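[1] any chance you could fold what I've pasted below:
(chains A and B)
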2 protein chains.
Amino acid sequence: MADGRVYNFSPGPSTMPLEVLEEVQRELVNYKGSGMSVMEMSHRSKEFMAIAAEAEQNLRDVFAVPSDYKVLMMQGGASLQFSAVVLNMLGTKSKADYLVTGQWGEKAHKECNKYGTGQLACNTKSSKFTTIPAKAEWKLDPEAAFVHYCANETINGVEFSYTPDVGSVPLVADMSSNLGSRPIDVGKHAYIYAGLHKNLGPAGMAVGFLRPDFADGSKELKICPTYCSFKTTCDNSSMYNTPACFTMYVMGEYLKYTKRVGGLSYWAEQSDKKSELVYGVIDGSDGFYQSAVEKSARSRINIPFTIRGGDEALERKFLDEAKKHKLYSLAGHMSVGACRASLYNGMPLEGVATLTDFMKCFMDENRP
Amino acid sequence: MADGRVYNFSPGPSTMPLEVLEEVQRELVNYKGSGMSVMEMSHRSKEFMAIAAEAEQNLRDVFAVPSDYKVLMMQGGASLQFSAVVLNMLGTKSKADYLVTGQWGEKAHKECNKYGTGQLACNTKSSKFTTIPAKAEWKLDPEAAFVHYCANETINGVEFSYTPDVGSVPLVADMSSNLGSRPIDVGKHAYIYAGLHKNLGPAGMAVGFLRPDFADGSKELKICPTYCSFKTTCDNSSMYNTPACFTMYVMGEYLKYTKRVGGLSYWAEQSDKKSELVYGVIDGSDGFYQSAVEKSARSRINIPFTIRGGDEALERKFLDEAKKHKLYSLAGHMSVGACRASLYNGMPLEGVATLTDFMKCFMDENRP
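    Numbers count the residues shown, from 1 in each chain, chains lettered A, B, ... in the order given. Below you'll find the predicted structure:
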């Protein structure tokens, strides 16, 4: 643990590899002898264009993006993408299907109804977003413009362990909180998007991988703000207007680091190990810690849990004492309360081991 | 000049005060003993909420924002604001007026036509955006939902030296490239917005000052993306979703610096001095350097100029030789070519003096 740093289990913005932060710090005032900070560079300068091009190439390399797919980098996070997806992909159709397995999928679905009909192919709200129904239960409409799913629900801790098979209807994924945590099959999707601030960098950008037939504007609604246009973004290599340059640069550094440590298969292995450690303690706690999520739908990334059946005083005590062990940001989302450990790539295995050691001690000391 | 740093006349992203960059650098890996970088902090954390609240308060202080006005911080830059203005301010009206005095005003106007009728109250395109017509020539419609103007045209170098008087019709200003360069009368505007990356911080955010009657959603179109909703942004103190946290933090540092040096009156004085130096050389060059803009409409911030009547070879030579004097990013916008000096707050007076000394030498050496 570097001097004074803590283990930060924040759901995002989230902990980043120290090496990446240190490199950004070194270059902050004068980037590679350019005499400027990256923050100060014209986005049209030779230096910055190289940074942007390298970042895009590294996205392509790390995520094995098919060469005909477009890479988009836009501001506004996944929330603006909720609208952009519909505004760019609805075309002449009037409806789209949504697999709603958590609060983010729910928000994406709601946004669709501004421009068409968002159909609920499934919705697990009644069971408090703790499952992923089997495919046989999904109501898929072959006439839907697309099928949208949220690959990992950050708040509820529900993760698809597979790519949904939706036949020939274009598949759209919000991968905000698990992109980067395992290899994915981009080619099975018409569009994948993700906010940056989990496994890719600071908050303030989203990346997208788009099948080329959605990049030509043919399915764009006329009311689509120019900023949100996939065609405009693609035609201008994500520089229709000034991009979030510094954010893009930090993402590039994080991607280079990802390549150095071994790419997505390395992160997938880490992710499995880290989440198994935490679920191991939960499952071995005889109900002291509880995860509400069905085992097959458990997220490797965000693990919400309650303590002694939702004893709020004890949960507060847990969060307070955790800080003494340098374990921070373990509170659950404000809408659900309790605790949550988010295990993004920036969180080292020893941080998770420190957490699980603490969880065990806390349990021993606080059993009734 | 700090070790290795250059004078960077970029139109934005643009040069920042070294003190601000150095402070950001110091705190990058561990912000004030929190054990985290600001990049890694949950936006709901106590530490970051304090950073955001302080940044908003400093915007209010520095720009003397009336207390009932809302302060908005959104991603997507001014380009997304072009749409957001219309989507939030058109209401039941069908038309809005635009004073078009340059390429950015033109883009804003074009965006209006997606949702209603953007009327040209004036348009100086035919004279290549080099003037601001007198008020008597404006065609203002008392039934317009608002009147939009771009206070400073970054590409064309045209700046309003006054607040346009448009009677009771709500006035909207894009102040992207001169916000922060002089005191302004926020109360005369229904909405002021600006991208950050000129006088306020890195690229990746816009700030807005909004009259409260436009913050209640009563004039929001139903098709407005939730992310773009002024009401949603205001109701959630600019944290409807994860904001561009690090960008917001750097803006806060820049605002604190602005307060320390003396606020907007200090920057206004600097701005006058710096622009007078450059225009002095241009006007005293007997046509060697030329500014196409009418004197009354000249920008203090962005000064486009040609050399020897637009001699491209000589302009290239100028740009090349300038670098030997550590003078960078002096090329004109790709749409107009030639040269441009952008004199944002981060550019110190001695940088401009170095530029004008060079301009004089270059003129002496290259007169026919």
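
[2] only C-alpha atoms for contact and neighbour calcs from this point on.
    OK.

[3] of all the residues in stretch A:175-189, which ones are buried?
    Neighbour counts over stretch A:175-189 (16 or more other Cα atoms under 10 Å in any protein chain shown) mark A:175-184, A:186-189 as buried.

[4] are that stretch and chain B in contact anywhere?
    No: against chain B, stretch A:175-189 shows no contacts by Cα under 8 Å from any Cα of the partner chain, the least distance being 11.8 Å.

[5] so which of the buried residues of stretch A:175-189 comes closest to A:Pro11?
    Distance ranking of these against A:Pro11, using Cα to Cα, places A:Ser177 first at 8.4 Å.

[6] any idea how far chain B is from A:Ile51?
    In this view, A:Ile51 and chain B are 14 Å apart by Cα to the nearest Cα, to the nearest Å.

[7] and that residue, what helix or strand is that in?
    Using DSSP states H and E, A:Ile51 sits within helix A:46-62.

[8] repeat that for A:Val29.
    With DSSP H and E as the test, A:Val29 turns up in no helix or strand.

[9] would you mind confirming that it makes contact with B:Gln25?
    Yes: in this structure A:Val29 lies within contact range of B:Gln25 using Cα atoms under 8 Å: 7.3 Å.

[10] so these two - more neighbours on which side?
    A:Val29 (28 against 19; other Cα atoms under 10 Å in any protein chain shown).

[11] find the nearest non-adjacent residue to the more buried one, please.
    A:Ser37 (4.7 Å; Cα to Cα, 6 or more residues apart in numbering or on different chains).

[12] and what of A:Arg26?
    For A:Arg26, ignoring the flanking residues on the chain, the nearest one in space by Cα to Cα, 6+ apart is B:Gln25 at 7.8 Å.

[13] OK, contacts around A:Ile72?
    Heads up, residue A:72 is Leu, not Ile. A:206-210, A:230, A:233-234, A:237-238 (Cα atoms under 8 Å, 6 or more residues apart in numbering or on different chains).

[14] right, and the helix or strand after the one helix or strand it maps to?
    In this assignment (DSSP H and E), A:Leu72 forms part of strand A:70-74. Using DSSP H and E, the helix or strand that directly follows strand A:70-74 along the chain is helix A:77-89.

[15] next, count neighbours for the closest residue to A:Ser229 other than its chain neighbours.
    Spatially, and ignoring its direct neighbours in sequence, A:Ser229 is nearest to A:Asn88 (6.6 Å; Cα to Cα, 6+ apart). If you count neighbours by other Cα under 10 Å, A:Asn88 ends up with 24.

[16] contacting residues for A:Asn88?
    Listed by Cα under 8 Å, 6+ apart, the contact set of A:Asn88 reads A:214, A:217, A:219-221, A:224, A:229-230.

[17] repeat the analysis, applying 10 Å as the threshold.
    A:81, A:214-224, A:228-231 (Cα atoms under 10 Å, 6 or more residues apart in numbering or on different chains).

[18] hmm, the residue nearest to A:Val29 is touching A:Asn30, no?
    Yes: A:Ser37 is within contact range of A:Asn30, at 4.9 Å (criterion: Cα atoms under 10 Å).

[19] what sits in contact with each of those two?
    Shared contacts of A:Ser37 and A:Asn30, defined by Cα under 10 Å, 6+ apart, are found at B:5, B:21.

[20] you'd agree A:Ser34 is up against B:Val6?
    Yes: distance between A:Ser34 and B:Val6: 7.9 Å, which falls inside the contact criterion (Cα under 10 Å).

[21] need the residues touching each of those two.
    With Cα under 10 Å, 6+ apart as the test, A:Ser34 and B:Val6 both reach B:Tyr328.

[22] circling back: so which of the contacts of A:Leu72 is the most crowded?
    Highest count within the contacts of A:Leu72 by other Cα under 10 Å belongs to A:Phe230, 30 neighbours.

[23] doesn't A:Gln119 belong to a strand?
    Yes: judged by DSSP: H, G, I helix; E, B strand; the rest coil, A:Gln119 forms part of a strand.

[24] so what's it up against?
    When contacts are counted by Cα under 10 Å, 6+ apart, A:Gln119 touches A:95-100, A:109-110, A:112-113, A:139-141, A:144, A:147.

[25] buried ones among those residues?
    The buried subset of those - by 16+ other Cα under 10 Å - is A:95-100, A:109-110, A:112-113, A:140-141, A:144, A:147.

[26] does any bit of the helix or strand hosting A:Glu350 sit next to chain B?
    Following DSSP H and E, one finds A:Glu350 within helix A:349-366. No: figure legend: helix A:349-366 not in contact with chain B (Cα under 10 Å from any Cα of the partner chain); closest approach 13.6 Å.

[27] output that helix as CSV, restricted to C-alpha atoms.
    Taking C-alpha atoms only, helix A:349-366 is exported to CSV below (Å, rounded to 0.1, in the frame of the first residue of the first chain):
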residue,chain,number,x,y,z
LEU,A,349,-6.2,-8.7,-4.6
GLU,A,350,-4.6,-7.7,-1.3
GLY,A,351,-7.2,-5.0,-0.8
VAL,A,352,-9.9,-7.6,-1.1
ALA,A,353,-8.0,-9.9,1.3
THR,A,354,-7.8,-7.1,3.8
LEU,A,355,-11.6,-6.6,3.4
THR,A,356,-12.4,-10.3,3.9
ASP,A,357,-10.1,-10.6,6.9
PHE,A,358,-11.9,-7.7,8.4
MET,A,359,-15.3,-9.1,7.6
LYS,A,360,-14.4,-12.3,9.4
CYS,A,361,-13.1,-10.5,12.5
PHE,A,362,-16.2,-8.2,12.5
MET,A,363,-18.4,-11.2,12.3
ASP,A,364,-16.6,-13.0,15.2
GLU,A,365,-16.9,-9.9,17.4
ASN,A,366,-20.5,-9.1,16.6
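
[28] re earlier: so of the contacts of A:Leu72, which ones are in helices?
    If you go by DSSP state H, the contacts of A:Leu72 have A:230, A:233-234 in helices.

[29] of the residues you listed, closest to chain B?
    Lowest distance from chain B to these (Cα to the nearest Cα) belongs to A:Thr233, with 12.2 Å.

[30] can you pull the contacts of the spatially closest residue to the closest one that is not a sequence neighbour?
    Distances taken as Cα to Cα, 6+ apart place A:Tyr240 nearest to A:Thr233, at 6.1 Å, with adjacent residues excluded. Neighbour list for A:Tyr240: A:74, A:226-227, A:229, A:232-234, B:79 [criterion: Cα under 10 Å, 6+ apart].

[31] quick one: pLDDT of A:Ala2?
    Note on A:Ala2: pLDDT of 63.
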